[in-house]
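Chemist: kindly return the folded structure for what I paste below:
(chains A and B)
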Amino acid sequence: MTMRRFIVAAALAAFSTVAVRAEPDPSDWGAVTDDARGQTVYWNAWGGSDTINGFIAWIGDRVADEYGVTLEHVKLSDTAEAVSRVLAERSAGKDTGGAVDLVWINGENFAAMKQQDLLFGPWVEQMPSWANVDVAGKPAVVSDFTVPTDGLEAPWGMAQVVFYYDSARLEQPPKTMSALAEYAAAHPGRFTYPQPPNFLGSTFLKQALTEFVPDAEILQGPVEAADYAAVTADFWAFLEALAPNLWRQGRAYPQNEARQIQLMADGEIDLAISFNPNEASNAIANFQLQDSVRSYVMDAGSIGNASFVAIPYNANAKAGAMVVANYIMSPEAQARMQDPEVWGLGTVLDLDTLTTAERARFEALELGVATLPPDELGSTLPEPHPSWMVRLEEDWMDRFGVAR
Amino acid sequence: MAATCETQSVRARVLPWAPVLTLGIMLGPVAAGVLGTLGPAFGYMPALGGTEIGLDAFAMLFDWPGLVPASVLSVTTGLAATALSLLLVAVICAAWSGSVVFRMIERLLSPLLSVPHAAAAFGLAFLIAPSGWIARAASPWLTGWHRPPDVLILQDPLGLSLTAGLIVKEVPFLLLMTLAAMSQIRTAQARDTAMALGYAPVTAWFKTVFPRVYAQIRLPVYAVLAFSMTVVDVSLILGPTKPPTLAVQILRWMNDPDLKLRFLASAAAVWQLGLVIAALLLWRMCEVGVAGLGRRWVASGARGGATRTVRALSLVAALLSGGAILFGLLGLVVWSFAGFWSFPALLPDGFSTRTWMRHAMSLWPVATETLVIAASATLVALFLTLACLEAEERHGLRPGARALWLLYVPLIVPQIAFLTGLQTLAIFAGLDGNRMAVIAVHIIFVLPYVFLSLADPFRAWDARYGHVARALGAGCDGVLWRVRLPMLLRPILTAAAVGFAVSIGQFLPTLLAGAGRVQTLTTEAVALASGGDRRVIAVYALSQTALALLPFALALLVPAVVWRNRRGLRHG
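Modeler: Have a look, this model is predicted:
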């Protein structure tokens, strides 16, 4: 190709992306599906789990069959990469035709994108599948770490903190944070948690904090409104005492939940935290954990939240992204997602609103060997306001992030 | 010797511009990227409300308690990895060059070189971890361990395992560069002369050969130093986390949802660039010091040398270094077929092809994408290199030492310092997020390696073949296409294989230029590494390695087939 022809081609390519496409109207579902046909949706989602990747690939097959939408899973190692991507695009003035069409998001990433006006919408409550979402029974579907979702992100799965342990090595797992500290003191090196700011590590901090604050209600407001030093003093004392008794004396931490599973399989630790009640069963089925592993929850209840998908303001295939999000919230996809053989994440739907046939899909699911039945999962605690997580992470970094 | 060629055709007028064009393709993005990083570092990034030039970002950086340890870590691991790799390479050459053992080492070199950094690091991690293969082999019969000992080996705060991971990959690279340098100097004669004067073989090599070889491999050594100080993927796998190395921390800030941290990340990238420059200066000063000591040692006339000890030690070190990669890969093979596998079992409870089967479908398109990118980047690099070399031949455009420096710029300027700035600029130009952008960025890194591999064989080609061809009526083009390139088939294929392996190993450039939309085996492997299942990591790391090895196998095979009835060309 000669240089001149190359320049012409490049110029043409530049113009074609500038051509402005009208924004799809979420309330006109027929127009949305028409628009969506033939679009390619780039779904930016954490790609570190084999089982989740498999589920996303299945979603891709289904929306291709049903709606003619091509779904590409962009595998992230951290959701913040997608946020950072959209930001880089805005800083370069690329307000249409962005690289991210749909992003798996919640918590501080959502708060950051919402605050910076990086999201398209509101669109979620106009989706046909929204009618079955259990807003009354699962308030987390409209309140992401206490931040109102305002129809900017669609819920698609309910997660809850559980702990898993090897019943062959540990008969009575510690069910309070104080008991956990005692266990670690008696068996040094047998417990650890992912290094904050990994989200599961930060979740461990929040889970522990709920047991040490005088009144859990203060966690629902911004951290600035609370007497931070006073309400967290006991919590930091607990963590300081725990640190030297952790795996590797707290001099290193696993990077994420999957490394924890490996540590458990290698017999390095006896118990670990997880954000998916079905994770242990799933890992056993994939030969990643020994079959003596079981799950349990803390006596004080455990933090639960919802996973969401959102559409960036400059997404290239907004209609396609809405079609995918709507399909993920459908009874068919939700039942598959909740199947422990597939993933085992809790549904966001209110089963009472479904037809008998749809409900039957959920009732047919069998629990995995290490999964607690719903009535044993105990009470769900709401996520604290995102500012708590940010503050806890900063303080954790100050106290433990740099080796002393 | 530049034969006169026709100068009228369009091609003849374009050719002299080849070196300039090549440098532009290679250095333009680096310069633009550095500017794109400097802006936010000093507060300028309008999209985030940064319009005032200032030092706020640096103030934030100096407030970060991890800055001193992370900087120290970057410098110490970089210097240690470089110094130890260089020492090991020098000792191996001193003790074994010219022997049968050395020829075996040479043969193993290309495969070892083509193993991607991430794959080698995964392999090493499984060998040396407290729950790894070495501990398993000795447990419980020797150690009494029924559970892995609670000792910090991976992610150690001093970065020792990170340094080890870097050494096993840098030794093959430096050895290759040393071999190329030695082929240009009459090393055997120098050493034989010294030995005839009574010097022990190792001493003779260090006194007569090493100074001249080092002068030739200085730039590759600088590249190794800069790379080791700023590597991201190996640090993610083997490096400490409290704090991590500076490069990893920069990437983390870059990806933080708190968008203000981008200024901090840019300032840290500038700081990292400063550290690299400081370390290079320190290295240069050490060179001068060592050279002074060396001259006194040479002048002293000391002839003795513990030849046997050096031989034994260097062989052990070479075996450890090569073995770490080979056994690491073997460990990956076993994991990729493993069922449940607990400590201290030496082998899994059962074997299954399940992991491979599950990933076969998704591996295929990714492998194809990787191949297309690597092939395109390599072809462009090969074309530009040949154009430069031919222009040098026809127009007498001999590059000076300074031009060689330019070739090393993309290898010495840390990737983290210019790729992030480049990403912003690329989006601005609407050029990101597609395969073309990734290929263009890969060319920056592939080109220097292809040029370095091909330049010497190309220049060493005996010009008299050309004269004969000219005398028989061939034009300049005829000589190039019908005589020179066919005769240089093997070095061309080898250079292509090197370029291929380099392209396949690129992590950060693919991630940033591809907007995450362009997925190669390397980006997939590192993304999956965050998922941590050793089986899946093994499948991707092995596929990545196989793809990088393939061209090296072809580079051996094709000339053997094409020249099956041309004995004289088979070694050419």
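
Chemist: would you mind listing what in the stretch 201-350 of chain A touches chain B?
Modeler: Within reach of chain B by Cβ under 8 Å from any Cβ of the partner chain, the stretch 201-350 of chain A has these residues: A:247-249, A:251-253, A:255-259, A:261-263, A:265-268, A:286-290. Glycine gets a C-beta too; all of them are placed from N, C-alpha and C.

Chemist: and B:Ala247, what does it touch?
Modeler: Applying Cβ atoms under 8 Å, 6 or more residues apart in numbering or on different chains to B:Ala247 gives the contacts B:Ser74, B:Met229, B:Thr230, B:Val231, B:Val232, B:Ser235, B:Gln272, B:Pro414, B:Ile416.

Chemist: would you turn these into TSV with neighbour count, distance to chain A and secondary structure?
Modeler: Output for those, formatted as TSV (neighbours: other Cβ atoms under 10 Å in any protein chain shown; distance: Cβ to the nearest Cβ, whole Å; DSSP: H, G, I helix; E, B strand; the rest coil):
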residue	neighbour count	distance to chain A	secondary structure
B:Ser74	29	15	helix
B:Met229	27	19	helix
B:Thr230	26	19	helix
B:Val231	30	16	coil
B:Val232	23	12	coil
B:Ser235	28	12	helix
B:Gln272	24	18	helix
B:Pro414	24	19	coil
B:Ile416	25	14	helix
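
Chemist: quick one: which helix or strand includes whatever residue of the stretch 151-300 of chain A ends up closest to chain B?
Modeler: Closest approach between the stretch 151-300 of chain A and chain B, counting by Cβ to the nearest Cβ: A:Ala258, at 3.1 Å. In the assignment (DSSP states H and E), A:Ala258 maps to helix A:257-265.

Chemist: same check on B:Ala59?
Modeler: Using DSSP H and E, B:Ala59 sits in helix B:56-63.

Chemist: now for that helix, which elements pack on it?
Modeler: If you count contacts as 3 or more Cβ pairs under 8 Å, 6 or more residues apart in numbering or on different chains; DSSP states H and E, helix B:56-63 packs onto helix B:18-41, helix B:261-300.

Chemist: can you pull the poorly scored residue ranges out of the stretch 451-572 of chain B?
Modeler: By pLDDT under 70, the low-scoring segments of the stretch 451-572 of chain B are B:529-532, B:570-572.

Chemist: packing partners of the helix holding A:Ala258?
Modeler: When contacts are defined as 3+ Cβ pairs under 8 Å, 6+ apart, helix A:257-265 sits against strand A:271-274, helix A:279-285.

Chemist: swap in 10 Å and give it another go.
Modeler: Under the contact criterion of 3 or more Cβ pairs under 10 Å, 6 or more residues apart in numbering or on different chains; DSSP states H and E, helix A:257-265 touches strand A:162-166, helix A:199-212, strand A:271-274, helix A:279-285, strand A:293-296, helix B:521-529, helix B:534-562.

Chemist: how about the CA coordinates for stretch B:35-53, as PDB?
Modeler: These are the backbone C-alpha positions of stretch B:35-53, laid out as PDB (Å, rounded to 0.1, in the frame of the first residue of the first chain):
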ATOM      1  CA  LEU B  35       5.700  13.600  26.300                       C
ATOM      2  CA  GLY B  36       2.200  12.100  27.000                       C
ATOM      3  CA  THR B  37       3.600  11.000  30.400                       C
ATOM      4  CA  LEU B  38       5.400  14.200  31.200                       C
ATOM      5  CA  GLY B  39       2.200  16.300  30.700                       C
ATOM      6  CA  PRO B  40       0.100  14.800  33.500                       C
ATOM      7  CA  ALA B  41       3.200  14.300  35.700                       C
ATOM      8  CA  PHE B  42       3.500  18.100  35.900                       C
ATOM      9  CA  GLY B  43      -0.200  18.600  36.200                       C
ATOM     10  CA  TYR B  44      -1.300  19.000  32.600                       C
ATOM     11  CA  MET B  45      -4.300  16.800  31.700                       C
ATOM     12  CA  PRO B  46      -7.300  19.000  30.600                       C
ATOM     13  CA  ALA B  47      -9.800  16.100  30.600                       C
ATOM     14  CA  LEU B  48      -9.300  15.700  34.400                       C
ATOM     15  CA  GLY B  49      -9.200  19.400  35.100                       C
ATOM     16  CA  GLY B  50      -5.500  19.600  35.100                       C
ATOM     17  CA  THR B  51      -4.600  22.800  33.300                       C
ATOM     18  CA  GLU B  52      -2.000  24.300  35.700                       C
ATOM     19  CA  ILE B  53       1.600  23.300  35.500                       C
END
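
Chemist: pLDDT on it, on average?
Modeler: Averaging pLDDT along stretch B:35-53 gives 82.

Chemist: okay, now residue 91: neighbour count?
Modeler: No chain specified, so I'll use chain A. 19 (other Cβ atoms under 10 Å in any protein chain shown).

Chemist: meant chain B actually
Modeler: Using other Cβ under 10 Å, B:Val91 is surrounded by 20 other residues.

Chemist: contact partners for the nearest residue to it once chain neighbours are set aside?
Modeler: Ranked by Cβ to Cβ, 6 or more residues apart in numbering or on different chains and with sequence neighbours excluded, the top spatial neighbour of B:Val91 is B:Ser314, at 4.2 Å. Contacts for B:Ser314 (Cβ atoms under 10 Å, 6 or more residues apart in numbering or on different chains) come out as B:Leu87, B:Leu88, B:Val89, B:Ala90, B:Val91, B:Ile92, B:Cys93, B:Ala94, B:Ala95, B:Trp96, B:Val101, B:Val202.

Chemist: what do you get for B:Gln216?
Modeler: Going by Cβ under 10 Å, 6+ apart, B:Gln216 touches B:Met177, B:Thr178, B:Ala180, B:Ala181, B:Met182, B:Gln184, B:Ile185.

Chemist: quick one: neighbours of B:Ala306, just the number.
Modeler: 12.

Chemist: quick one: it from chain A, how far?
Modeler: 39 Å (Cβ to the nearest Cβ, to the nearest Å).

Chemist: touching, that residue and B:Ala94? I think so.
Modeler: No - using Cβ atoms under 10 Å, B:Ala306 makes no contact with B:Ala94, being 11.5 Å away.

Chemist: so what's in contact with these two at the same time?
Modeler: Common neighbours of B:Ala306 and B:Ala94 (Cβ under 10 Å, 6+ apart) are B:Val202, B:Thr203.

Chemist: re the thing from before, can you turn the buried part of the residues of the stretch 201-350 of chain A next to chain B into a PyMOL selection?
Modeler: Command for PyMOL that selects the buried part of these, burial taken from 16 or more other Cβ atoms under 10 Å in any protein chain shown:
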select buried, chain A and resi 247+248+251+252+253+255+256+257+258+259+261+262+263+265+266+267+268+286+287+288+289+290
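
Chemist: near chain A, which residues of the stretch 301-450 of chain B?
Modeler: By the rule Cβ under 10 Å from any Cβ of the partner chain, the part of the stretch 301-450 of chain B lying against chain A is B:338-344, B:348-350, B:352, B:354-355, B:358-359, B:361-362, B:420, B:423-434, B:436.

Chemist: put the alpha carbons of stretch B:472-485 into PDB.
Modeler: The C-alpha trace of stretch B:472-485 is given here as PDB (Å, rounded to 0.1, in the frame of the first residue of the first chain):
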ATOM      1  CA  LEU B 472      27.300 -12.500 -15.100                       C
ATOM      2  CA  GLY B 473      24.900  -9.700 -15.900                       C
ATOM      3  CA  ALA B 474      22.700  -9.400 -12.700                       C
ATOM      4  CA  GLY B 475      21.600  -5.900 -11.600                       C
ATOM      5  CA  CYS B 476      21.700  -4.800  -8.000                       C
ATOM      6  CA  ASP B 477      18.200  -6.100  -7.400                       C
ATOM      7  CA  GLY B 478      19.100  -9.400  -9.000                       C
ATOM      8  CA  VAL B 479      22.100  -9.700  -6.700                       C
ATOM      9  CA  LEU B 480      19.900  -9.000  -3.700                       C
ATOM     10  CA  TRP B 481      17.000 -11.200  -4.500                       C
ATOM     11  CA  ARG B 482      18.700 -14.100  -6.300                       C
ATOM     12  CA  VAL B 483      22.000 -14.400  -4.500                       C
ATOM     13  CA  ARG B 484      22.200 -12.500  -1.200                       C
ATOM     14  CA  LEU B 485      18.900 -13.200   0.400                       C
END
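
Chemist: cool, thanks, talk later.
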